[in-house]
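Asker: Whatever this is, show me its structure:
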Amino acid sequence: MDSSVYMAYDYPVLGAFWTMMWIFLWVLWFVLLFRIIVDIFRDDTMSGWAKTGWLVLVIALPFLGVFVYVLARGKGMGKREMEHARAQQEALDTYVRETARGAGRTSEVDELAKLSEIRARGDISDEEFRRAKEKILH
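Answerer: Numbering: from 1, shown residues only. Modelled structure (predicted):
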């Protein structure tokens, strides 16, 4: 057995730490890169040529492009992200309200109010009002 066999326990703890740190930094780098690309497409204030220029810079020279983009437009990234989140929340709230309302269905309270108005005008009798009220509530 002249050749040495490396086992898992031969890997030093410091080496494992450095490996995990490099993996973390690479994942962090790709997250930042893709957030910037999404921000470029999300920004409505930029023209198409400006978006193309930033995109080419970020893809052709990634480290320099990302650094320059964050310095030049970093504050706006946060504002655009907040606006996007706010718009999504408003869309969700609107959807929930419309769904809870029943999409065009009137509520029992509205129907009872209309029925009460009809009775107050004298268009229906008290007995008819009672029967219609029972139908609405059941």
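Asker: Tell me which other helices or strands the longest helix along the chain touches.
Answerer: When the chain is parsed with DSSP state H, its longest helix is helix 62-101. Helices and strands touching helix 62-101, by 3 or more Cβ pairs under 8 Å, 6 or more residues apart in numbering; DSSP states H and E, are helix 13-42, helix 48-60. C-beta here means a position set from N, CA and C on the backbone, and glycine is covered the same way.
Asker: Now do it: distance to the chain's middle.
Answerer: Helix 62-101 has its C-alpha centroid displaced from the chain centroid by 8 Å (Cα atoms, centre = their mean, to the nearest Å).
Asker: how near is E111 to E134?
Answerer: Using Cβ to Cβ, to the nearest Å, E111 is found at 12 Å from E134.
Asker: ditto for A120
Answerer: 19 Å.
Asker: Could you do G74 as well?
Answerer: Following Cβ to Cβ, the distance that separates G74 from E134 is 64 Å.
Asker: What is the burial count for D39?
Answerer: Per other Cβ atoms under 10 Å, the neighbour tally for D39 reads 21.
Asker: Would you mind listing the residues in contact with the closest residue in space to it that isn't next to it in sequence?
Answerer: Once flanking residues are discounted, D39 sits nearest to M77: 5.0 Å by Cβ to Cβ, 6 or more residues apart in numbering. M77 is in contact with R35, I36, D39, V70, counting by Cβ atoms under 8 Å, 6 or more residues apart in numbering.
Asker: Quick check, pLDDT for L55.
Answerer: Note on L55: pLDDT of 94.
Asker: Surely it is in contact with I37?
Answerer: Yes - L55 is within contact range of I37, at 6.9 Å (criterion: Cβ atoms under 8 Å).
Asker: R80: what's it in contact with?
Answerer: Listed by Cβ under 8 Å, 6+ apart, the contact partners of R80 are D39, R42, D43.
Asker: My error: substitute F67 in the last question.
Answerer: With contact set as Cβ under 8 Å, 6+ apart, F67 has no partners.
Asker: Distance check, S125 against I118.
Answerer: Taking Cβ to Cβ, one finds S125 at 11 Å from I118.
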